[in-house]
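>>> Sequence isn't available, so here's the structure alone:
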């Protein structure tokens, strides 16, 4: 489903998304990080991207993919830019 959602993009965008989400959650839709994430010493969130987007870990995977792609497009423009950010910061 995620790959089909990226059909308008070059194949390398799929490769970046796969690496990003493998590192972030290993594609487990119920993954949840109990430790808060800190940015510049300030507590940002716990739970991971689904929880940042207001989704429960029980939200169906298709909706999580759609919302996750929307987040990447809004914040980074492409999965490869998000992956590059993740590699530098270990979060996105």
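Arrived safely, thanks for sending. These numbers were taken from a predicted model, which means no experiment stands behind them. Numbering: from 1, shown residues only.
>>> how many other residues sit next to residue 71?
16 (other CB atoms under 10 Å). C-beta here means a position set from N, CA and C on the backbone, and glycine is covered the same way.
>>> in what helix or strand does it lie?
Taking DSSP states H and E as the criterion, residue 71 maps to helix 61-76.
>>> ok, now residue 19?
Element membership of residue 19 [criterion: DSSP H and E] is helix 11-25.
>>> now for that helix, which elements pack on it?
For helix 11-25, the packing partners by 3 or more CB pairs under 8 Å, 6 or more residues apart in numbering; DSSP states H and E come out as helix 2-5, helix 61-76, helix 79-89.
>>> Quick one, grab the pLDDT at residue 62.
In this model, residue 62 is scored at 84, pLDDT.
>>> now do residue 30
The model reports residue 30 with a pLDDT of 73.
>>> what about it, is that helix, strand or coil?
coil (DSSP: H, G, I helix; E, B strand; the rest coil).
>>> Around residue 79, count how many other residues there are.
There are 27 residues near residue 79, going by other CB under 10 Å.
>>> my bad, should have said residue 84
By other CB under 10 Å, 15 other residues sit near residue 84.
>>> Could you say which one of the helices and strands packed on helix 11-25 comes nearest to residue 16?
When the helices and strands packed on helix 11-25 are compared by CB to CB, helix 79-89 sits nearest residue 16, at 4.0 Å.
>>> outside of the closest one, which residues touch it?
6, 9, 12-14, 16-17, 19-20, 23-24, 72, 75-76, 92 (CB atoms under 8 Å, 6 or more residues apart in numbering).
>>> Now the buried members of those.
Neighbour counting with 16 or more other CB atoms under 10 Å marks 6, 13, 14, 16, 17, 19, 20, 24, 72, 76, 92 as buried within the contacts of helix 79-89.
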